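> build me a structure from this.
(one chain, ligands or ions: 1)
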Amino acid sequence: MCGIVGYTGSQNAAPLLLEGLKKLEYRGYDSAGIAVVEGNTIHIRKVTGRIANLCEKTGDGQGIPGTTGIGHTRWATHGAPTDTNAHPHTSNDGRFAVVHNGIIENYVELRRELTQKGYRFESETDTEVIVHLVEMYYGGDFKQAVMKAANRLRGSYALGIVCANEPGRIFVMREASPLIVGLGIGETYFASDVTAMVAYTRNVIYLEDGEFAELTPEGVQVYDCAGREIPKPISRITWDIQAAEKGGYAHFMLKEIMEQPRAAKATLAPRIQSGEVVLENLTLDWGKIQKIMITACGSAYYAGCAGKYTIEKLCRIPVQLELASELRYADPLVDEHTLLIVLSQSGETADTIAAMKECRNRGAQILAIVNVVGSTIAKLADCTLYTWAGPEIAVATTKGYTTQLLVLYLFALYAGKLRGTLKADQYHRLVGELRSLPRRMQLALDMNPRIPKLAKKYHKADSLFFIGRNTDYAVALEGALKMKEISYIHAESYAAGELKHGTIALIHEGQPVVALCCNPAVMEKTLSNIVEVIARGAEVLAVAERGNQTVLSVADDMLYVPRVDTLLSACVEIIPLQLLAYYVAKENGCDIDKPKNLAKSVTVE
Ligand code: F6R
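Have a look, this model is predicted:
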């Protein structure tokens, strides 16, 4: 979703802002803009469409003088993606400019009030009220004006504000939307995501909700909402900058698919020691827990669907799954006997945060499984287990999803042992199996060289069905989502046994059906369903263990996976389906890393 960046120092700001915005492109956007302060003037440039247009319009930023500035990529919410609605927005007197991530929930009433007071609105955005409020409250003290304006806002925001009277000063502010300040030598940065500034500095400060900060080339001063100075720790970004580059791959998505064995090692290695699962900081009150609820959105929710089987089997505790966007309004049956497991790659998904707060208010203990360090969800939880997948840039998650699964497996083994529901020999066998998963994920990547060819056969399909039972069904859900979101082909996942209760009516001559046959306990049943769709003309692309002659004898085409215990297999089974979606999207000429209408971090409801 929207991204913000800012810089104050001694270099020309515009080229740095544009570089920063390019790094945020992956979050999804439809317009962009920058504001640069030069002397007592603010230069504004905005475009609809890509950052490349903004670079062209500004001669890569060289055409705009000034050493302090702010920038924005906008993903339209209030008002169409137009130049006028693009940020930065300016005050009527031209003195202030603002960039904003998030949503101002009370903007309608603020807009009415400001209009009555004579402020003129140029855009349809909620953001514009902020800059007029700052103008209204400005009596010569920039900080006071920003504080007073902030006190009037309800909703979520990460803001950057510059003032023509005060070149070299930027105020930033955070409420329920990420904002990170970067400290250089004689220069200071801010951004909604560290990837925008990691090329320039690795020393960062994470702002908390309700905090605001004053940035100057000399450094940063952080304040609480009452304007009192507060000390903040400086954190160090440790991941390699190349992790956020394509590294020779055509797309981030392909790079991230290929990186999965390495990411899996990073997730598992520190947590399997001398044959035991060791989970850092898992300070839960285990005695109280009577049920587990898993909540998340999209792929993270589907990781939960697969994890449920493993946790229930190994821990003998009921696991309920809830979409976060539903759970938040469901008046859920959650209390102090519930352990809520929250899954999120970004750690900033608005629905997930809201569901989490709802359950926290009802007394649940909360364990978060998150990739982005220091993110809102990580901070809100009682305990956090990081997935350590490294930065995920492609909008469609791959290594984010598989590493979430791995942490769920670790949790299931750890809790199963602790609760005494897992026998020692089974525990040790599964820990050994878990350790071997990075290698098996690599095998799944290597044993499918025909996928680009298969993509040439299936890319023209109008729709695809993904079927499976039990753990295979959980993987089918994610396989279908991957196909839809990057190739724009309608794909539907179905529990194989449910087809005959209605959906089989859609099967016709030539209808492609991707059938997952990796779970030996239900394979014969799935085979019966495969035969049923073949009898109605379907073409079947099966996913099965290499050497499975029975499946081979009925399917038209095959995707292969190595043998893995069913309780741990989803993270391997999904790999050929990720590759299939990738190559089908490539055949269809889709914008794979930035699929239309999608955003990486969904910070609005
Ligand atoms: C799909 C995808 C989304 C996310 C969902 C939750 O490829 O990436 O479905 O899984 O938006 O995002 P996080 O995990 O950041 O909470």
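> so what touches stretch 117-126?
77-80, 84-85, 87, 89, 92, 103-104, 107, 111, 114-115, 128, 132, 135-136, 155 (C-beta atoms under 8 Å, 6 or more residues apart in numbering). To be clear about C-beta, it is placed using only N, CA and C from the backbone, and glycine gets the same treatment.
> flag every buried residue along that stretch.
Along stretch 117-126, these residues count as buried under the neighbour rule (16 or more other C-beta atoms under 10 Å): Tyr119, Ser123, Thr125, Asp126.
> out of those residues, which are close to the ligand?
When those are checked against the ligand using C-beta under 6 Å from any ligand atom, none falls in range.
> get me the contact residues on the stretch 401-550 of the chain for the ligand.
Listed as neighbours of the ligand in the stretch 401-550 of the chain under the rule C-beta under 6 Å from any ligand atom: Leu481, Glu485.
> among the buried residues of stretch 117-126, which are in helices?
In helices, defined here by DSSP state H, there are no members of the buried residues of stretch 117-126.
> ok, these vs the ligand, which is closest?
The shortest approach to the ligand among these belongs to Asp126, at 21.8 Å (C-beta to the nearest ligand atom).
> hang on, the earlier thing: of the contacts of stretch 117-126, select the buried ones using a PyMOL command.
Burial among the contacts of stretch 117-126 is assessed by 16+ other C-beta under 10 Å; the matching PyMOL selection reads:
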select buried, resi 79+85+87+89+92+103+104+107+111+114+128+132+135+136+155
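> which parts of this protein sit against the ligand?
297-300, 344-346, 349, 352, 396-397, 481, 485, 601-602.
> let me know the closest of those residues to the ligand.
Of the residues of the chain next to the ligand, the one sitting nearest to the ligand (C-beta to the nearest ligand atom) turns out to be Gly298, at 1.8 Å.
> residues contacting the most centrally placed residue in the chain?
When C-alpha atoms, centre = their mean is applied to the chain, the residue found nearest the centroid is Ser346 (3.8 Å). Ser346 makes contact with Asn371, Val372, Ser375, Lys600, Ser601, Val602, according to C-beta under 8 Å, 6+ apart.
> output those as TSV; include the columns secondary structure and distance to Ile234.
Below are the contacts of Ser346 laid out as TSV (DSSP: H, G, I helix; E, B strand; the rest coil; distance: C-beta to C-beta, whole Å):
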residue	secondary structure	distance to Ile234
Asn371	coil	22
Val372	coil	18
Ser375	coil	18
Lys600	coil	26
Ser601	coil	24
Val602	coil	29
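> quick one: which of the residues of the chain next to the ligand is nearest Met173?
Ser601 (18.6 Å; C-beta to C-beta).
> what is the neighbour count of that closest one?
As a burial measure, the neighbour count of Ser601 was computed by other C-beta atoms under 10 Å and equals 27.
> and for Asp351?
The local packing of Asp351 (other C-beta under 10 Å) involves 23 other residues.
> hmm, back to that, where does the residue nearest to the centre of the chain land in three-state SS?
The three-state label given to Ser346 by DSSP: H, G, I helix; E, B strand; the rest coil is coil.
> for it, report the pLDDT, please.
Ser346 carries a pLDDT value of 93.
> list phi and psi for it.
With angles defined as degrees, to the nearest 10, Ser346 shows backbone torsions of phi -70, psi -30.
> and the gap between it and Thr397?
Spatial separation of Ser346 from Thr397 under the definition C-beta to C-beta, to the nearest Å is 9 Å.
> again, but for Leu577
If you measure Leu577 against Thr397 using C-beta to C-beta, the figure is 13 Å.
> so which of the two has more stuff around it?
Thr397 (28 against 25).
> correct me, but that one touches Leu343?
No: counting by C-beta atoms under 8 Å, Thr397 stays clear of Leu343, with 10.7 Å between them.
> touching both of those two, which residues are there?
With C-beta under 8 Å, 6+ apart applied, the overlap between the contact sets of Thr397 and Leu343 consists of Ala300.
> in space, what's closest to Lys265 - neighbours in sequence excluded?
Pro438 (4.6 Å; C-beta to C-beta, 6 or more residues apart in numbering).
> what about the one you found, how many residues close to it?
Taking other C-beta under 10 Å as the definition, Pro438 ends up with a neighbour count of 20.
> what of Cys590?
By other C-beta under 10 Å, the residues close to Cys590 number 19.
> number the chain from 20, please
OK, 20 is where the count begins now, so the last one is Cys609.
> which ones are touching it?
Shown in contact with Cys609 (C-beta under 8 Å, 6+ apart): Ile505, Ser506, Tyr507.
> domain ranges for the chain?
Per automatic domain parsing, the domain ranges recorded for the chain read 22-257, 268-465, 470-606.
> of all those, which one is nearest Asp612?
With C-beta to C-beta as the yardstick, what comes closest out of the domains of the chain is domain 268-465 (4.7 Å).
> end-to-end on the closest one?
Domain 268-465 has an end-to-end distance of 16 Å (C-alpha to C-alpha, to the nearest Å).
> how far off centre is it?
From the chain centre to the centre of domain 268-465 is a distance of 14 Å (C-alpha atoms, centre = their mean, to the nearest Å).
> one more: stretch 106-122?
Here the centre of mass of C-alpha atoms in stretch 106-122, compared against the chain's by C-alpha atoms, centre = their mean, lies 27 Å away.
> measure that stretch end to end?
In terms of C-alpha to C-alpha, the two terminal residues of stretch 106-122 are separated by 13 Å.
> buried ones in that stretch?
106-111, 114-122.
> where does Tyr208 fall, secondary structure wise?
Here Tyr208 sits within strand 207-210, counting by DSSP states H and E.
> immediately after that strand, which helix or strand?
Helices and strands here follow DSSP H and E; after strand 207-210, the next one along the chain is strand 222-225.
> what residues of that next one count as buried?
Counting neighbours by 16+ other C-beta under 10 Å, one finds that the buried residues in strand 222-225 are Val223, Ile224, Tyr225.
> what does that strand contact?
198-203, 213, 216, 232, 239, 241, 251-256, 393.
> next: stretch 328-342.
Contact partners of stretch 328-342, identified using C-beta under 8 Å, 6+ apart, comprise 308-316, 320, 323-324, 326-327, 349, 351, 370, 374, 427-428, 430-432, 434-435, 438, 440-441, 449, 489-490, 493, 585-587.
> in strands, which of those residues fall?
Lys310, Ile311, Met312, Ile313, Thr314, Ala315 (DSSP state E).
> enumerate every residue touching the residue in the stretch 120-269 of the chain that the ligand sits nearest to.
Ranked by C-beta to the nearest ligand atom, the top residue of the stretch 120-269 of the chain for proximity to the ligand is Pro197, at 11.5 Å. Listed by C-beta under 8 Å, 6+ apart, the contact set of Pro197 reads Asn120, Ala177, Ser211, Asp212, Glu367, Ser394, Thr395, Ser620, Thr622.
> how about TSV for the ones in strands among the contacts of stretch 328-342, with distance to Ile385 added?
Supplementary listing: the ones in strands among the contacts of stretch 328-342 in TSV, determined by distance: C-beta to C-beta, whole Å:
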residue	distance to Ile385
Lys310	14
Ile311	11
Met312	10
Ile313	11
Thr314	10
Ala315	13
